[in-house]
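Peer 1: this is the structure alone, sequence omitted:
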Ligand SMILES: N#Cc1c(-c2ccc3ccn(Cc4ccc(CN5CCCC5)cc4)c3c2)n[nH]c1N
């Protein structure tokens, strides 16, 4: 079944890259439909204004509710009825962490809408209203500050779409991945390919040995060393069933 993704932003051109590479192929193969909407199409004043000063004072500007309401109405009107409520993802610094688990959860949706804010954010009444008409997810990409939601939406879309069956060519390549159950939440081992000698640097001998047991052991050891060094928090998840 075709997954549909709509993005709404004052910078719709941020989403042009989605039509490249694997996601572009999925669109070509009719597995995915992606539409980017310009929020300013839903303004009616001469200056096509989308922001205003914040109630309560404070620096910066806040995005006005009316254009967002009209943009979201337009998405809802285009739904073939009767449809399950579409999912609305709003990237925000104050959101629930976007994790591989969240990506997997969202990969099952038929229709994803991304509302990408700018300035100091979107008038909160938009989220309150949207909560009644969408399955609303306020999500944060990570603990750093971006200038808007577009970059976060691009990352989330890539993480979600690659989990949709058929979108990524080789499903095996999804199995051994960081943050997924199969690597038991550990970071990946280092990878190598030909030539076996490069600028005086060699490939670890065990990988050339053809001894798959030894290769798996070496990889597990390297994963654990790397995880302990860079992400000790992932090791804390040690549970009794994990040797
Ligand atoms: N996902 C994600 C994100 C975002 C993100 C996502 C969406 C928008 C829309 C606007 N901005 C800019 C901005 C920046 C700082 C603040 C802080 N507040 C302002 C007043 C009191 C504190 C509010 C907005 C956004 C940032 N940043 N980092 C992530 N992981």
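Peer 2: Structure received. Being a predicted model, the structure only gives us computed values, none of them experimental.

Peer 1: which of the three states applies to the most centrally placed residue in the chain?
Peer 2: Residue closest to the mean C-alpha point of the chain, counted by C-alpha atoms, centre = their mean, is residue 156 at 0.9 Å. When classified by DSSP: H, G, I helix; E, B strand; the rest coil, residue 156 comes out as helix.

Peer 1: pLDDT value on it, please?
Peer 2: pLDDT, residue 156: 98.

Peer 1: so it is in contact with residue 99, correct?
Peer 2: No: look at residue 156 against residue 99 with C-beta atoms under 8 Å: they stay out of range, at 10.6 Å. To be clear about C-beta, it is placed using only N, CA and C from the backbone, and glycine gets the same treatment.

Peer 1: what's the offset of the helix or strand bottoming out on mean pLDDT in the chain from the middle of its chain?
Peer 2: Every helix and strand in the chain was compared by mean pLDDT, DSSP states H and E; the lowest is helix 21-28, with a mean of 82. How far helix 21-28 lies from its chain's middle: 16 Å, per C-alpha atoms, centre = their mean, to the nearest Å.

Peer 1: same question, stretch 100-108
Peer 2: 9 Å.

Peer 1: ok so, going back, count the residues that sit near the closest residue to the residue nearest to the centre of the chain other than its chain neighbours.
Peer 2: Ranked by C-beta to C-beta, 6 or more residues apart in numbering and with sequence neighbours excluded, the top spatial neighbour of residue 156 is residue 98, at 5.7 Å. Close neighbours of residue 98, defined as other C-beta atoms under 10 Å, add up to 21.

Peer 1: with residue 29 instead?
Peer 2: 11.

Peer 1: got it, and residue 234?
Peer 2: Residue 234: 17 neighbours (other C-beta under 10 Å).

Peer 1: what's the spacing between it and residue 100?
Peer 2: 12 Å (C-beta to C-beta, to the nearest Å).

Peer 1: please enumerate the shared neighbours of these two.
Peer 2: Counting by C-beta atoms under 8 Å, 6 or more residues apart in numbering, residue 234 and residue 100 have no common neighbour.

Peer 1: right, and the helix or strand after the strand ranked longest in the chain?
Peer 2: Longest strand of the chain, by residue count under DSSP state E: strand 87-97. Moving toward the C-terminus from strand 87-97, the next helix or strand (DSSP states H and E) is helix 100-106.

Peer 1: what packs against that next one?
Peer 2: Applying 3 or more C-beta pairs under 8 Å, 6 or more residues apart in numbering; DSSP states H and E, one finds that helix 100-106 contacts strand 87-97, strand 135-140, helix 150-161.

Peer 1: return the residues of the chain in contact with the ligand.
Peer 2: Taking C-beta under 6 Å from any ligand atom as the criterion, the chain approaches the ligand at residues 91-93, 95, 117-121, 140-142, 144-149, 152.

Peer 1: among the residues you listed, the buried ones, what's the PyMOL command?
Peer 2: The PyMOL selection below is limited to those of these classed as buried (16 or more other C-beta atoms under 10 Å):
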select buried, resi 91+92+93+95+117+118+119+121+140+141+148+149+152
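
Peer 1: stretch 128-139: end-to-end distance?
Peer 2: 15 Å (C-alpha to C-alpha, to the nearest Å).
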